[in-house]
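Asker: Coordinates for the following, if possible.
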Amino acid sequence: MRIAPFKFLEKSMEQADLRRLESQCVQEETPQCVAACPLHVDAKQFCKLMAQRRIDKAWQVLAKTMPLPGVLARMCGEPCKAACVRQDVGGPINMGTMERYCAENAKPINPPKPLPARNKSVGVVGGGFTGLCAAWELARRGFETTLYCSQLGEGLPPFPEGVLDRELTGLETMGVKIETGFDASVSFIRTLIGDMDAVFVDSDVLPESVRDFGAPDELTLGTQEHGLFVSLQGEDSAILQAATGRRAANSIERFTQGVSMVTGRELEGPYETRLYTNLDNVQSLTSALPERDCSELDVRDEAKRCLQCECMECVKSCEYLRHYKFYPKVYARQIYNNESIVMGTRQANTMINSCMLCGLCETVCPEDFSMADVCLEARRTMVEGDKMPPSAHEFALRDMAFANGEKCSLAKHAPGTDTSDYLFFPGCQLTASDPSGVEAAYADLRNRLGNVGLMLHCCGAPAEWSGRVVLERDSMNDLKQIWESLGAPKIIAACPTCLKSLRAGLPNAEITSHWSLLRVLGIREDSVSPKGPFAINDPCAARHDVVLREDIRSILDTLGADTVEPELSGETTQCCGYGGLLSEANPALGMHVAAKRAEAREEDYVTYCVMCRDMMAKTGKRALHLYDLLYSEVNDPAARPSPGYSERRENRVRLKEHLLRNLWREEPNSVAELFESIDVSFTDEALQRMEQRRILKSDVQKTLLAVRESGKRFVHAETGHYLTSHRPVIVTYWVEYEEQGKSYLVHNVWSHRMHIKGVKS
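Answerer: Numbers count the residues shown, from 1 in each chain. Okay, the predicted model is just below:
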């Protein structure tokens, strides 16, 4: 069941909401074997240590949980085997045999040191295993414990010499007084009840003596006699007898403290766990462990069969979650703590802004935990509280504003018409990366459908991903007004993210993907014959759009493309590293994510999201956008490099100007700004740094214009290069350059946000 993300600003609710959210992640839930064990022995850790041949450490794991471990480890009935997740892939782990080997070969350890004395006395009647375990548990908790029995170890099987004596000595070391030779009667028990703070009777050893006190409660083992606790009769499993002894000690502890006898005891004894472990890729491996005369290598190999059960489904699939080395329950707590900081450093900001918001975690999670919801809500809260670092998303938001500005934005009916039946919406990134493909696609649509208008605009995804709720709303309202001014035609979206955003923001609009339309209309006869094979990359925006994914595969089939699927594809596809503005907030991780996706298949990729194509192209991977097969005139479009940030802007501007002049026969009405007259070129090193540091050609031109007007610059005595800076708004840009006549050659660039108050820039 999916739980809605908590609202960080609702202080009265946030703790409760956080608890519910944390409970949705099952990674910390108990493994099946541990939950099935009446004592909850940590079988997972035990097997891990045994597989490492750290037998003494493994023995400490058993002794930490087991009472009288030297005895119990030799006669455990292995209830964990029935719950073992490996049951159907080679058979369950043989814990009992490994426990016996460990007990026989590990270095003996001292019994646990009791807690400080409670000044409470308890009598334990019966020397069977249940009574011995109860005495052990009570003494460990600081109770003054006396054990009364006719003989010690009643009903126990024979053990190797010294085993039982060593454990009984341990009982005495823990402070248990042992009184033997007692034939306990009803009167004797009544006397103990009067003398002691509490009494426990092992009914399996003394069944006749306890009948007068009524049947014990199954949960608490309490009877109608105040202060008397009695075990249930007929339990012959050693591990369940030990659990009964512990249950008795728990009840007596509660009784002597005067607290509830029943609250919070749901996890005593065996219980159902919610931990999910995926067995899809687990190899079947049967046990080769002999029941007796095992070698150290035998038990090591058996322990290695343990799957070390955990969930981690989201972490296994998501490079972002893997990078931060934890899982959603931990991240939710870190994000909550981050939002609770009033003053000081918010350590989780980068982690919050690095989520790709792609929804893969929710898709693979057995409990539908959505890190995207948590991180997006955190971003919105940070923005609302003015806590969002300005550097996180500023470049992407500037780019969105530029795409929607006068130089790039366009909304018109088809040439020679004043109405539109359709409106082609290619999206701002497709126009930035492949303007010629957009032009060809628009021409194809007009030729086949007639009255198809064109809208060059951003869908507002950067505003949504950055947590700017107001900007997202205003952007969609502006888009809606433009769409309505064109007569509210049916929208044809080429970008999967635009398709998703427009459907959410314009619920009354009729919206289809370009791909669905092409599937109906058919492809152009002059489309490129693909040479393949190609690996299909589904963008994360298409994760839950089955129709869109089917349309793409149908088009590729029509083209005759030989295609393969990555392991994570379709509903479980991985993000390219751009989603959620990861590549802006955390560029290094963004490139790592892109590289991992690129490495998933050796074939050239074909995708229908241009940012997926460009992100993989940045890693050196050969990748195609589907437009490259349908509309490209380039010989090898898979080798096309990803356009740089400045080139992307120029592509948008040139596309608008080109379409206005050649389709509508209009001159662009945008006026060139003064800085655009600056003739500048760049060294390869400078271009590389500009891409890494998100510095645009226009930023450099503005800086050079400023120094031309002010004359303020430094000069390097050896190289003769000039150094100048300019702070147009928030960011200060530094440019190292040389003059070449009336033009400039830039050697280095960098920027920062530091501003020294009182110093004029």
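
Asker: where do the strands sit along the stretch 351-500 of the chain?
Answerer: 410-412, 422-425, 452-456, 490-493 (DSSP state E, counting those that start in this stretch).

Asker: And the stretch 601-750 of the chain, by the same measure?
Answerer: Counting by DSSP E, counting those that start in this stretch, the strands of the stretch 601-750 of the chain are 604-607, 623-625, 680-682, 714-715, 722-726, 732-740, 743-752.

Asker: ok, residues contacting the first one?
Answerer: Okay, so that is strand 604-607. 530, 532, 534-539, 556, 561, 563, 598, 612-613, 616, 621-626, 629, 638 (Cβ atoms under 8 Å, 6 or more residues apart in numbering). C-beta: built from backbone N, CA, C; applies to glycine.

Asker: Please apply the same query to the third one.
Answerer: Applying Cβ under 8 Å, 6+ apart, the contact partners of strand 680-682 are M690, K697, V700, Q701, L704, Y737, S743, Y744, L745, V746.

Asker: Can I get those in CSV including neighbour count?
Answerer: Putting these into CSV (neighbours: other Cβ atoms under 10 Å) gives the following:
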residue, neighbour count
M690, 23
K697, 22
V700, 24
Q701, 22
L704, 25
Y737, 26
S743, 13
Y744, 22
L745, 14
V746, 25
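
Asker: how about a markdown table for these, with pLDDT added?
Answerer: Below are these laid out as a markdown table (pLDDT from 0 to 100):
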| residue | pLDDT |
| --- | --- |
| M690 | 96 |
| K697 | 96 |
| V700 | 97 |
| Q701 | 97 |
| L704 | 97 |
| Y737 | 98 |
| S743 | 96 |
| Y744 | 97 |
| L745 | 98 |
| V746 | 98 |
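
Asker: Find the pair from the residues you listed with maximum spatial separation.
Answerer: Using Cβ to Cβ, the two most remote members of the contacts of strand 680-682 are M690 and S743, lying 17.2 Å apart.

Asker: Identify the residues contacting the residue lying farthest from the centre of the chain.
Answerer: Here the chain reaches farthest from its C-alpha mean at S187, the gap being 62.8 Å by Cα atoms, centre = their mean. Not one residue lies near S187 by Cβ under 8 Å, 6+ apart.

Asker: hang on, the earlier thing: and G77, which of the strands of the stretch 351-500 of the chain is closest to it?
Answerer: strand 490-493 (63.1 Å).

Asker: List the buried residues of that closest one.
Answerer: For strand 490-493, the neighbour count (16 or more other Cβ atoms under 10 Å) marks I491, I492, A493 as buried.

Asker: Same check on stretch 407-426?
Answerer: Neighbour-count burial for stretch 407-426, counted by 16+ other Cβ under 10 Å, picks out 407-414, 420, 422-426.

Asker: Now do the end-to-end distance for that stretch.
Answerer: 17 Å (Cα to Cα, to the nearest Å).

Asker: Also stretch 188-208?
Answerer: First-to-last residue span, stretch 188-208, Cα to Cα: 13 Å.

Asker: buried set for it?
Answerer: Those would be 188-189, 192-193, 196-206, for stretch 188-208 by 16+ other Cβ under 10 Å.

Asker: centre of the chain versus that stretch, how much separation?
Answerer: The chain centre lies 54 Å from the centre of stretch 188-208; the measure is Cα atoms, centre = their mean, to the nearest Å.

Asker: Quick one: mean pLDDT for that stretch?
Answerer: Stretch 188-208 shows a mean pLDDT of 90.

Asker: Also stretch 214-228?
Answerer: For stretch 214-228, mean pLDDT rounds to 94.

Asker: picking up where we left off before, with mean pLDDT added, can I get the strands of the stretch 351-500 of the chain in JSON lines?
Answerer: Output for the strands of the stretch 351-500 of the chain, formatted as JSON lines (pLDDT from 0 to 100):
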{"stretch": "strand 410-412", "mean pLDDT": "98"}
{"stretch": "strand 422-425", "mean pLDDT": "99"}
{"stretch": "strand 452-456", "mean pLDDT": "98"}
{"stretch": "strand 490-493", "mean pLDDT": "99"}
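
Asker: Out of those strands, flag the one nearest A103.
Answerer: Counting by Cβ to Cβ, A103 lies closest to strand 490-493 out of these; the figure is 67.7 Å.

Asker: partners of that closest one, with directions?
Answerer: Strand pairing for strand 490-493, using DSSP bridges, gives strand 422-425 (parallel), strand 511-513 (parallel).

Asker: okay, the ones you listed in TSV with distance to P69 next?
Answerer: Output for the strands paired with strand 490-493, formatted as TSV (distance: least, Cβ to Cβ, whole Å):
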stretch	distance to P69
strand 422-425	70
strand 511-513	65
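
Asker: For the buried residues of stretch 188-208, which two are the farthest from each other?
Answerer: Pairwise distances across the buried residues of stretch 188-208 (Cβ to Cβ) peak at 23.7 Å, for the pair D197 and D204.

Asker: how about the top helix by length along the chain: buried residues?
Answerer: Determined from DSSP state H, the single longest helix within the chain is helix 238-257. Across helix 238-257, burial judged by 16+ other Cβ under 10 Å covers 238-256.

Asker: Show me the helices in the stretch 51-200 of the chain, by range?
Answerer: Counting by DSSP state H, counting those that start in this stretch, the stretch 51-200 of the chain has helices at residues 55-65, 69-75, 95-105, 129-140, 163-173, 186-195.

Asker: With distance to Y645 as extra columns, can I get the ones you listed in a markdown table?
Answerer: Listed next are these as a markdown table, based on distance: least, Cβ to Cβ, whole Å:
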| stretch | distance to Y645 |
| --- | --- |
| helix 55-65 | 54 |
| helix 69-75 | 65 |
| helix 95-105 | 59 |
| helix 129-140 | 66 |
| helix 163-173 | 71 |
| helix 186-195 | 83 |
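
Asker: looking at these, which is closest to R468?
Answerer: Using Cβ to Cβ, the helices of the stretch 51-200 of the chain put helix 55-65 closest to R468, at 51.0 Å.

Asker: Show me the contact partners of that closest one.
Answerer: Outside of helix 55-65, the residues that reach it under the criterion Cβ under 8 Å, 6+ apart are 39-42, 45-46, 49-50, 69, 73, 99, 102-103, 105-107, 109, 112, 296.

Asker: For those residues, which ChimeraX command selects only the ones that are buried?
Answerer: Typed into ChimeraX, the line below selects the buried ones among the contacts of helix 55-65, using 16+ other Cβ under 10 Å:
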select :39,40,41,42,45,46,49,50,69,73,99,102,103,106
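
Asker: Run through the residues that contact the most centrally placed residue in the chain.
Answerer: Geometric centre of the chain, nearest residue: L321, 4.3 Å, by Cα atoms, centre = their mean. By Cβ under 8 Å, 6+ apart, the contact list for L321 reads C314, V315, Y327, P328, Y331, C361, M371.

Asker: Kindly provide the distance from the spatially closest residue to I109 that is not a sequence neighbour to N669.
Answerer: Using Cβ to Cβ, 6 or more residues apart in numbering and skipping the chain neighbours, the partner closest in space to I109 is A63 (5.6 Å). Here A63 is placed at a distance of 84 Å from N669 (Cβ to Cβ, to the nearest Å).

Asker: what do you get for M754?
Answerer: According to Cβ to Cβ, M754 stands 39 Å off from N669.

Asker: Same question for Y631.
Answerer: Distance from Y631 to N669, by Cβ to Cβ: 28 Å.
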